[in-house]
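In: Sequence isn't available, so here's the structure alone:
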Ligand code: ATP
């Protein structure tokens, strides 16, 4: 279980220094596990979102998108099981008063052990979690003398459940009836709209509904930067299928989602599947797609076979029929559902971690280095930077014209300050795949130097070709 905390810290600093991610309300010392995306971060995040949205809704003729509200009728969360079940087993250290998610506490301990021993502890933990055996979990913690990182003691409370939903009041009257929740997942907005979309879109099973939106969870152990946040975004797709075909569709979506990740050019050995041992109350099969972050292999996406649980529950609680008439087999049924659920912020973190590279470029004559973000060109916040070599001789005007002709098509950046080398380095640090320099030769023969971020190679190309070169790499 190799982790690279130094690299992770360097990435966090880089994100802040270059306008990707800031702690929320930082001038007031931040808010724990809440983050803001800066000028480049918000572009990168939007590009990831667009890439996912397009792959779901544009490339699949049988998937449509919706945008449901964050607030939902409170009964939604009764029906979905979140009021009763959306909780994690927690334990408090009596000396430090620090609260831990039990699985995280044991996992962190297991990582300190030799691999075989660590795996044995994890296997035992999985069994206990599956059985909801809280006394057993506490015994395991005590037996292994797992201690609190703050107090250093093993003076623990009993293990208890803690609901992760945030609640607030709707309207001005404070009573129990007006209590509503910030949605802890976007999926329920899809389920309650199942019939609206099916009828108005004249959708035929199998079909999917996709959604991107905020979700909120009062995570207890919210560390590790944007990996675990209290306010985050999910990109979810619920695929409605005929009962009995769910296994087949589950396998298909498992494969398809992995291909989506790999389509971004990531090394396949950085990904793996991990089957769930403890299935959620609604699932008959579930797997995580994990990525090798500097903090270890961790979940980025879940694929869940949710059966007909959600629609049936909403049918029962709302007393409205949520059924589909399948003309091919002349039958009415509640469809089964395969869900693909990926955290946008985790995908962002994955993209950042995968792109970040510190390179030593020293020669015998000179020490040199750079930090380069090797984003896939289609995700890069800025696609093209244009630099006039000098601020005079009409070069800025030519460079400006190039920017003006390209900016309706993709994001450009213009800069005329500092030496060219320093301008290149700044673009490397934010992951701009192409830089173009306009120099005196441009005025003579209409060519410019294009410099490629990853190889740092440069070549002369006709100015009129720049737009097409960039477009061909980002589509
Ligand atoms: P975890 O085990 O890490 O708490 P989960 O299994 O509860 O995650 P799901 O409910 O399956 O997560 O949510 C789907 C996806 O949403 C996850 O794969 C993850 O990418 C993202 N996600 C869940 N919780 C958070 C969070 N607190 N911060 C950021 N992303 C999250």
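Out: Great, that's in hand. Every value quoted in this text rests on a predicted model; they were computed, and no experiment measured them.
In: Residue ranges of each domain in the chain, please.
Out: 19-69+182-266+288-352, 380-474 (automatic domain parsing).
In: So for the ligand, which of the ones you listed sits nearest?
Out: domain 19-69+182-266+288-352 (2.4 Å; Cβ to the nearest ligand atom). Bear in mind the C-beta positions are built from the backbone N, C-alpha and C, glycine included.
In: Output the domains of the chain as a markdown table; include the columns mean pLDDT, mean neighbour count and distance to the ligand.
Out: Shown next, in a markdown table, are these (pLDDT from 0 to 100; neighbours: other Cβ atoms under 10 Å; distance: least, Cβ to the nearest ligand atom, whole Å):
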| stretch | mean pLDDT | mean neighbour count | distance to the ligand |
| --- | --- | --- | --- |
| domain 19-69+182-266+288-352 | 96 | 18 | 2 |
| domain 380-474 | 97 | 17 | 21 |
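In: Can you list the strands that the helix or strand that contains residue 287 pairs with?
Out: For residue 287, the host element (DSSP states H and E) is strand 285-293. Using DSSP bridges, strand 285-293 pairs in its sheet with strand 271-275 (antiparallel), strand 296-307 (antiparallel).
In: Can I get these in JSON lines including distance to residue 356?
Out: Listed next are these as JSON lines, based on distance: least, Cβ to Cβ, whole Å:
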{"stretch": "strand 271-275", "distance to residue 356": "17"}
{"stretch": "strand 296-307", "distance to residue 356": "16"}
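In: about what we covered before: distance from the chain centre to the strand holding residue 287, please.
Out: 12 Å (Cα atoms, centre = their mean, to the nearest Å).
In: Going forward, the N-terminal residue is numbered 12.
Out: Got it, first residue is 12 now, which makes that one strand 296-304.
In: Tell me which residues are up against it.
Out: Identification of contacts with strand 296-304 by Cβ atoms under 8 Å, 6 or more residues apart in numbering yields 19, 238, 257-258, 261, 265, 268-269, 272, 280-287, 290-291, 308-316, 353, 360-361, 364-365.
In: re earlier: mind checking the domains of the chain for the one nearest to residue 168?
Out: domain 30-80+193-277+299-363 (13.2 Å; Cβ to Cβ).
In: can you tell me the distance between the two ends of the closest one?
Out: Domain 30-80+193-277+299-363 has an end-to-end distance of 13 Å (criterion: Cα to Cα, to the nearest Å).
In: now stretch 363-380
Out: Span of stretch 363-380 from end to end, Cα to Cα: 19 Å.
In: Over to residue 72: give its phi and psi.
Out: Residue 72 has phi and psi values of phi -70, psi -20 when expressed as degrees, to the nearest 10.
In: ok, it - contacts?
Out: Residue 72 touches nothing, counting by Cβ under 8 Å, 6+ apart.
In: Out of the strands paired with strand 296-304, flag the one nearest residue 58.
Out: When these are compared (using Cβ to Cβ), the closest one is strand 307-318, at 16.6 Å.
In: what residues does the closest one touch?
Out: Contacts with strand 307-318, where a contact means Cβ under 8 Å, 6+ apart, come from 12-14, 122, 238, 249, 257-258, 260-261, 264-265, 268, 272, 283, 285, 291, 293-302, 347-354, 357-358, 361.
In: for the helix or strand where residue 206 lies, packing partners?
Out: Here residue 206, judged by DSSP H and E, is contained in helix 205-211. Applying 3 or more Cβ pairs under 8 Å, 6 or more residues apart in numbering; DSSP states H and E, we find helix 205-211 packed against strand 218-227.
In: No more questions from me, cheers.
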